[in-house]
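>>> turn this into a structure:
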Amino acid sequence: MRKILPKRLTKQSSALKSAPCRSLIFGCCAALVLFNMQGTAVGDERGELRTGLRFRQTLAQPIDAVSWKGKSLRGSLHRVTETQHIAILLDRRIDPDQTIEFSARGVPLERMLQQLAEKNSAAASRVDSVVYFGPPKTAELLATVVELRREQIAKLSPQRRAALLRAAPWQWKRLTDPRDLLAQLESEYDVRIVGKENMPHDLWPAKKLPPLDFAAKLSLVLAGFHVTFDLSPEGDAARLAPMPQQASLLRRYDAGGNAKSLATRLGAQYSDAKISNDGRQLVVDGRWEVHDAIARLLSGERVRTPPTDTGEKNYTLTVENKPVGGVIRALGNQLGKTVEFDVTVERRLTKDISINVKEVSLDELLTAVLSPAALKYEIEGETIRVFD
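Now for the predicted structure:
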């Protein structure tokens, strides 16, 4: 991944994009982008990554304007990290070298990152003080899954619980294999990770992350493979397991005499969660993002209402002389879906295709990819089946 001034914040080579900072200077393909936010200090003097409240404040501050053209996704995200001092982890399944065209104005930094993700068939979510940038389905589940693992840890013995909840910064060098990262976690937290030998070989770019505990560190590494883990009853082993299809947290919050009216209002605001009242308590069953917003709201903090869905997504894809099989697999990864091929289509998967579509529906996108090879498709849940 790569100075934005605050005011006082892999594998695939196809360029897939999905559609829903005070001044700008371009020099050839390089861009100087100035983010204008409240205040006067420029970044953190020591260049430390922001955490906790400062991290959230940075994400909440509006940008004046940003515009990138002819710049790689990796370079753009690195630019944000370098200037805003926030950690961003780009999932291995999102092509880091794809060239982007993106602009935004007057929106909070967090929303800008979400828009950038959406334009590149990805999604942005938060895990503690890290912005995760990856396939939509994984991004939707990740923070909730981390909290569910922490609930497991909370049931362990005091000594084991304290060990696993200990947070420490983490960084690794360029060309690090994720299996080596798991070995580091085994040594650091005295936990045996069962199944790590089945992880595919991969090489990752250098990364620096803020203090994180065991659940967050392991989950961020495994997210790139859409995998999570289950802890043993003693907390001395973590067995790798498939990421669930859905994840939810059930928690209660003291809300006083306004619990009933608050439940009604929040239920309309967060329609993907189940929110009710039990006397003076709010009962919330939903993703971590909903719980985080409600907890902060009840503490007196101003919370931005999540953006509403504006309709069907559109997609842009440019491919030149690539095997259709590889292209559809890359699309499946970025859409968070599994691709299955009928045995009769194997020979056709090597056919090279060249396409250039802009702002099309998912059906039009998949048809444009598959029709040159006389292939068809159907989507069943989280699976794209390709047949002739």
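>>> what segments of the stretch 101-250 of the chain are helices?
109-119, 136-154, 158-165, 178-189, 214-223 (DSSP state H, counting those that start in this stretch).
>>> what residues of the third one count as buried?
Applying a neighbour-count criterion of 16 or more other Cβ atoms under 10 Å, one finds 160-161, 163-164 buried in helix 158-165. C-beta coordinates here come from the backbone N, C-alpha and C atoms, glycine included.
>>> from residue 225, how far out is the most far-flung residue of the chain relative to its centre?
Using Cα atoms, centre = their mean, the residue of the chain lying farthest from its centre is residue 257. It sits 37.1 Å away. Residue 257 sits 48 Å away from residue 225, going by Cβ to Cβ, to the nearest Å.
>>> and if you look at residue 169?
According to Cβ to Cβ, residue 169 stands 23 Å off from residue 225.
>>> neighbour-wise, which of the two wins?
The neighbour comparison of residue 169 against residue 225 (other Cβ atoms under 10 Å) goes to residue 225, with 19 against 13.
>>> so that one touches residue 200, yeah?
Yes. Using Cβ atoms under 8 Å, residue 225 is in contact with residue 200, at 7.5 Å.
>>> so where do the strands sit in the stretch 151-300 of the chain?
Ranges of strands in the stretch 151-300 of the chain, per DSSP state E, counting those that start in this stretch, are 168-172, 192-194, 207-212, 227-231, 237-242, 249-254, 274-278, 281-286.
>>> what sits against the closest residue to residue 173 other than its chain neighbours?
Nearest residue to residue 173, sequence neighbours excluded (Cβ to Cβ, 6 or more residues apart in numbering): residue 206, at 5.4 Å. Residue 206 makes contacts with 171-174, 176, as judged by Cβ atoms under 8 Å, 6 or more residues apart in numbering.
>>> with residue 342 instead?
Shown in contact with residue 342 (Cβ under 8 Å, 6+ apart): 385-388.
>>> most neighbours of all those, which one?
residue 386 (24 neighbours).
>>> look up which residues are beta-bridged to it.
residue 341, residue 377 (DSSP bridges).
>>> from residue 198, how far out is the closest residue to residue 195 other than its chain neighbours?
The shortest distance from residue 195 to any non-neighbouring residue, by Cβ to Cβ, 6+ apart, is to residue 240 (3.6 Å). Residue 240 sits at a distance of 7 Å from residue 198 (criterion: Cβ to Cβ).
>>> the more surrounded of these two?
Shown here are residue 240 and residue 198; by other Cβ under 10 Å, residue 240 has more neighbours (19 against 10).
>>> how near is the residue nearest to residue 173 to residue 176?
Distance of residue 206 to residue 176, given as Cβ to Cβ: 8 Å.
>>> next: residue 78.
According to Cβ to Cβ, residue 78 stands 17 Å off from residue 176.
>>> what of residue 344?
41 Å.
>>> swap in residue 50?
24 Å.
>>> tell me the bridge partners for residue 99.
residue 72.
>>> number of nearby residues for it?
Burial measure for residue 99: 16 neighbouring residues, criterion other Cβ under 10 Å.
>>> that one contacts residue 72, correct?
Yes. Between residue 99 and residue 72 there is a contact under Cβ under 8 Å: 6.2 Å.
>>> show me where the stretch 1-150 of the chain has its strands.
For the stretch 1-150 of the chain, applying DSSP E, counting those that start in this stretch gives strands covering 15-19, 24-27, 30-33, 66-72, 87-90, 99-104, 123-127, 130-134.
>>> weakest of those strands by average pLDDT?
Note on the strands of the stretch 1-150 of the chain: lowest mean pLDDT is at strand 24-27, with a mean of 28.
>>> any regions of this protein where pLDDT drops low?
Applying pLDDT under 70 to the chain picks out residues 1-47, 302-313, 381.
>>> got a markdown table for the buried residues of helix 158-165, with distance to residue 270 too?
Output for these, formatted as a markdown table (distance: Cβ to Cβ, whole Å):
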| residue | distance to residue 270 |
| --- | --- |
| 160 | 34 |
| 161 | 30 |
| 163 | 34 |
| 164 | 30 |
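>>> which of these sits closest to residue 190?
residue 163 (6.9 Å; Cβ to Cβ).
>>> count of residues packed around the residue lying closest to that closest one once chain neighbours are set aside?
Using Cβ to Cβ, 6+ apart and skipping residues adjacent in sequence, the residue nearest residue 163 is residue 189, 6.3 Å away. Counted with other Cβ under 10 Å, the neighbours of residue 189 add up to 21.
>>> now do residue 189 against residue 266, distance only.
Distance from residue 189 to residue 266, by Cβ to Cβ: 36 Å.
>>> between residue 344 and residue 176, which one's more packed in?
Between residue 344 and residue 176, counting by other Cβ under 10 Å, residue 176 is the more crowded of the two (17 against 9).
>>> OK, contacts around that one?
Contact analysis of residue 176 by Cβ under 8 Å, 6+ apart lists 203-204, 206.
>>> output those as JSON lines; include the columns distance to residue 352.
As requested, these are exported to JSON lines (distance: Cβ to Cβ, whole Å):
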{"residue": "203", "distance to residue 352": "27"}
{"residue": "204", "distance to residue 352": "29"}
{"residue": "206", "distance to residue 352": "34"}
